[in-house]
Every structure is written in structure tokens, then in C-alpha cells.
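A.B. asks: predicted structure and sequence below. I'll ask about it afterward.
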Amino acid sequence: MRVRFIAVGGSAMHNLAIALHKKGYQVTGSDDEIFEPSKTRLKTHGLLPEHEGWFPENITPELDAVILGMHARQDNPELLRAQELGLKIFSYPEYLYEQTKNKTRVVIGGSHGKTTITSMIMHVLRYNQIAFDYMVGAQLEGFDTMVSLTEEAKIAVFEGDEYLSSPIDRRPKFHLYFPNLALLSGIAWDHINVFPTFPFYVEQFQIFADLIQPNGSLIYFGNDENLKHVAAKTRTDVHKLPYNSHESVIENGITYLVVGNQKIKLQIFGDHNLQNISGAQLVCRQLGLTDQQFYTAIAEFKGAARRLEVLAETENCVVFNDFAHSPSKLKATTEAVKTQFPDRKLVACLELHTFSSLKKEFLPQYKNSMDAADLAIVYFNPHTIEHKKLEPITEQQVAEAFDSSGLMVLTDSDELFAFLKTQNWQNTNLLLMTSGNFSGKNLKELAGELVKN
């Protein structure tokens, strides 16, 4: 098979390119800019384009498929050439389905927790030596790539993102997987640039549920009112399995699952993770694993990258890095750290970085989302707003929207990091939350400096 990637440098795209290369496909690709870690990883596998840019002369009738990434535009010269030749053009979710249409597809969706739940299921399957294909949105310990496709595996586990599939396919990615077994973790408005109203956003999850294959299963968080409505409207042949937080106890800053008279020590914490564990356990049961197999494996799960990831720690201070950026994720993550360490001061620091978070109309959604922190700090870069072609926002607008007592709002990352370095970190935790990197800062280096003081 000869496959061409247009915009091969993307996070998902380069992982899919590597996965197909490992499967024995003849893979080529192009992009007008490729950053790390994509660049090194593509180079390692001999897939890095010789030159940056678009080369329509490389689009030939001999290609079996063209895979189009979101980074490309509708007028991309290679795309136009592929359309002219009548070649098969896929978005990457379409191609994942194409590769796994004869397998049992497990798709994890939801506004929050989908990466973690997908990671948990992958960890448990791997721990129990069960072969599976996968696609997940974060790098996991023990997995070389974020995508794997094989001939042998009978199961495929996909993280089901609701964002758009490609420049010429405006459907949400998770509408293209047609799951046999689906999980929805919760619905909280996100991607305001694509889904301008909450009802329209919720509708995408109903469509997803309606695409579950005949006699499939829908596993969903039972305390989410929107998901209850989705489940109630889903076809009668689909099995509905609600879940809630797993029973647990916290002792000396460590969370234990309570299973009858047994306590199982975890390496992760927080109510959302206790919900995630229950959802992942139901999926694993449906795949034929026993609860004992699940619990033995989940005790070894350390979490996904940038999901309450520990950057540095001492006996009385932990610096966490988390991908939280939407209001629901922000609230859950902040509350999780405070609940786990109730006797420690919590400094929570958020970077507004996504399109939705920087949009003036969306800011009120953040009201009281950082109230669990003893000191809450919000940072945004006006240049990022300008780059995204959004209407400027002010520090006062941000402060009023969050409505948290003592909230600090900063627009200079040097000033922010200088402030953090002046603080006393004895008996204090720091929670850094961003989908970016605070305008190019080395967060691990900062964490190391702070815990030394």
C-alpha cells in the first residue's frame, strides 16, 4: 500500500504515519513546518520529508490513499492535485476506521477524561497480554507511539475526539469510528469556535451514540444529566451501562480503592480518576477481563503524560503539570489536588491558551472554577489572542469572569515565573495547568528550582 500524508507533522498524523510504516506500508508525507517531537520521530523512521513545503508533483495516480491532516488548508496544492486525480482522500479518523472495520472497536468520548480512560484500558489490556490496536492523544509509558495498527489484533481502542476531522470534512472525529463499545465520560461545553451553542455541542454526542453498531454497548457516567438524556434517546438495541465514582479512601496523601474488605493502592488520585476507573473497568469487563485482572493492572497505572503529571516533589511539596484548560477540567483538577492534600496550601496557575478560553464570550464559563485553590493565578499572552485573530480581552475581564477571591491575572510569563520563585514552597503544592507551555517556558526546570528552595 502506498500512502501519502498531507500535513504529516501533526501529533496524530505523524503517529499514524509511523504506525503504517511499521505495518509495512510505503509512506511518504509533506508539511510546511514540522516541530519536535514529530521531527525527530519521523526522522528516526526515515519518514521526515527532505524539504518543507507542498509538492503536488508527488501526488500521482499510483497512490492507494491520501490522508489529510487538519493543518492543511482547503486550497493546499497537494490536496487539489489529489482531488483532480480522483484519488481516495481520507481524514485520519476515517483511515483508522478503514484499518479496523473488521475488529471490535472501543471508542472513548467525552469532554474530559477520554485520554485517561483510553490510557487505563490500554494499560490493563497490555498488562494482561491482550493484543489490541489503538489511538490515544498522549504519550504513555511503555508505548512507543500514540497509534498502533496490526493485522493480528481483534480489538481496537480509540480516543474519540469531538473536534473536526479535516479541512474538507467538518464532522467530529468520533463520528467516524462506528463503535461496538462506546464510553462517554461527561459533557461540558468546549470548542466554541466549532460548536457555538451548548445544545449544538450536546447534539454531537447524541449522534455519536446513534452510530454505535447494532447490539453494541454505551457506557456512560451516570451523574451527568446530559448523558442521561443521550442514553435515554439511544436505540433500544444498544445496551446502556451507567457508572459512578469507585469507592475509595485517602490515607496519608494516597488514594486506595475499596473492594469489599480489600484496599488497592493507586498511583493516581482525584474524583475524576475514580470515575475514570469505574468506566474503564466496565469496558474491560465487556472485553472479557475479570475484575481481579483489572485491579491488579490498575494498581500499576501511573497516568498519561500531562495529566496531573508530577514534575518535581519533596516530602512537603509537589509540582504538578496538567492539560486542564476547559472550565470543567480546571475545576475538577484543582479540587482533586486540594482534596488529596487538604493540609497543604495550593497555588493553582492556569494559562488561557485555547481558542475557547481566550474568547470574551466564553470567559464567564470559568466562574468559580479555581475556588479550591488558596492562591489562583491566571496567565494569558495578548500575542496569542492576536495570532488567533480574536477580540482582545483585558485582565479585568478575566478577573471578573473567574470571580475568585484574591485571583491574580498576569500577561507576562517572565513576571509570573519570577513571582513563583519568590514564594515559600514549604507545605505548599503548585498546580500548573495549560494546553500550551506558558509562552515557551521550561516547566520541569522551574519545578526543579522551586522544590530546591
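C.D. replies: Perfect, thanks for sending it.

A.B. asks: got the domain ranges for this protein?
C.D. replies: As given by automatic domain parsing, the domain ranges for the chain are 2-87, 95-298, 309-452.

A.B. asks: format the ones you listed as TSV; extra columns: mean pLDDT and mean neighbour count.
C.D. replies: Quick note: C-beta positions are derived from backbone N, CA and C, even for glycine. Below are those laid out as TSV (pLDDT from 0 to 100; neighbours: other C-beta atoms under 10 Å):
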stretch	mean pLDDT	mean neighbour count
domain 2-87	96	18
domain 95-298	95	19
domain 309-452	93	18
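
A.B. asks: for the host helix or strand of residue 182, C-alpha coordinates in CSV please.
C.D. replies: Element membership of residue 182, judged by DSSP states H and E, is strand 181-184. Extracted C-alpha coordinates of strand 181-184, given in CSV (Å, rounded to 0.1, in the frame of the first residue of the first chain):
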residue,chain,number,x,y,z
LEU,A,181,-18.4,-0.5,22.5
ALA,A,182,-18.7,3.3,23.4
LEU,A,183,-18.0,5.2,26.6
LEU,A,184,-18.9,8.8,27.3
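
A.B. asks: quick one: that strand to chain centroid distance?
C.D. replies: Distance, stretch centre to chain centre, for strand 181-184: 16 Å (C-alpha atoms, centre = their mean, to the nearest Å).

A.B. asks: now the element after it, going C-ward?
C.D. replies: Sequence-wise, the next helix or strand downstream of strand 181-184 (DSSP H and E) is helix 198-210.

A.B. asks: that following helix - contacts with which helices or strands?
C.D. replies: Secondary-structure packing of helix 198-210 (3 or more C-beta pairs under 8 Å, 6 or more residues apart in numbering; DSSP states H and E): strand 104-109, strand 169-172, strand 181-184, helix 225-233.

A.B. asks: can I get those in JSON lines with distance to residue 426?
C.D. replies: Shown next, in JSON lines, are the helices and strands packed on helix 198-210 (distance: least, C-beta to C-beta, whole Å):
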{"stretch": "strand 104-109", "distance to residue 426": "40"}
{"stretch": "strand 169-172", "distance to residue 426": "46"}
{"stretch": "strand 181-184", "distance to residue 426": "41"}
{"stretch": "helix 225-233", "distance to residue 426": "42"}
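
A.B. asks: so which of the ones you listed comes closest to residue 26?
C.D. replies: Shortest distance between residue 26 and the helices and strands packed on helix 198-210, using C-beta to C-beta, is found for strand 169-172: 24.3 Å.

A.B. asks: by contact count, what packs against that closest one?
C.D. replies: When contacts are defined as 3+ C-beta pairs under 8 Å, 6+ apart, strand 169-172 sits against strand 164-166, helix 198-210.

A.B. asks: nearest to residue 40, out of the ones you listed?
C.D. replies: strand 164-166 (25.3 Å).

A.B. asks: ok, that closest one: who's next to it in the sheet?
C.D. replies: Strand 164-166 has its sheet partners listed here by DSSP bridges as strand 169-172 (antiparallel).

A.B. asks: which residues are in contact with the strand it pairs with?
C.D. replies: With C-beta atoms under 8 Å, 6 or more residues apart in numbering as the test, strand 169-172 has contacts from 91, 94, 161, 162, 163, 164, 165, 204, 207, 208.

A.B. asks: now the strands for the stretch 51-200 of the chain?
C.D. replies: With strands called from DSSP state E, counting those that start in this stretch, the stretch 51-200 of the chain shows them at 65-68, 89-91, 104-109, 133-135, 147-148, 155-159, 164-166, 169-172, 181-184.

A.B. asks: any chance of CSV for the ones you listed, columns distance to residue 264?
C.D. replies: As requested, the strands of the stretch 51-200 of the chain are arranged in CSV below (distance: least, C-beta to C-beta, whole Å):
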stretch, distance to residue 264
strand 65-68, 42
strand 89-91, 40
strand 104-109, 22
strand 133-135, 25
strand 147-148, 28
strand 155-159, 23
strand 164-166, 39
strand 169-172, 36
strand 181-184, 21
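
A.B. asks: identify whichever of the ones you listed lies nearest to residue 389.
C.D. replies: Residue 389 sits nearest to strand 164-166 of all the strands of the stretch 51-200 of the chain, at 17.6 Å, using C-beta to C-beta.

A.B. asks: just to be sure, residue 255 is in a strand?
C.D. replies: Yes: counting by DSSP: H, G, I helix; E, B strand; the rest coil, residue 255 is part of a strand.

A.B. asks: ok, for it, nearest residue in space, not its chain neighbours?
C.D. replies: Of all residues not flanking residue 255 in the chain, residue 269 sits nearest, at 4.2 Å (C-beta to C-beta, 6 or more residues apart in numbering).

A.B. asks: how about the contacts made by that neighbour?
C.D. replies: Neighbours of residue 269 in contact, by C-beta under 8 Å, 6+ apart: 250, 254, 255, 308, 336, 340.

A.B. asks: thank you kindly, that will do.
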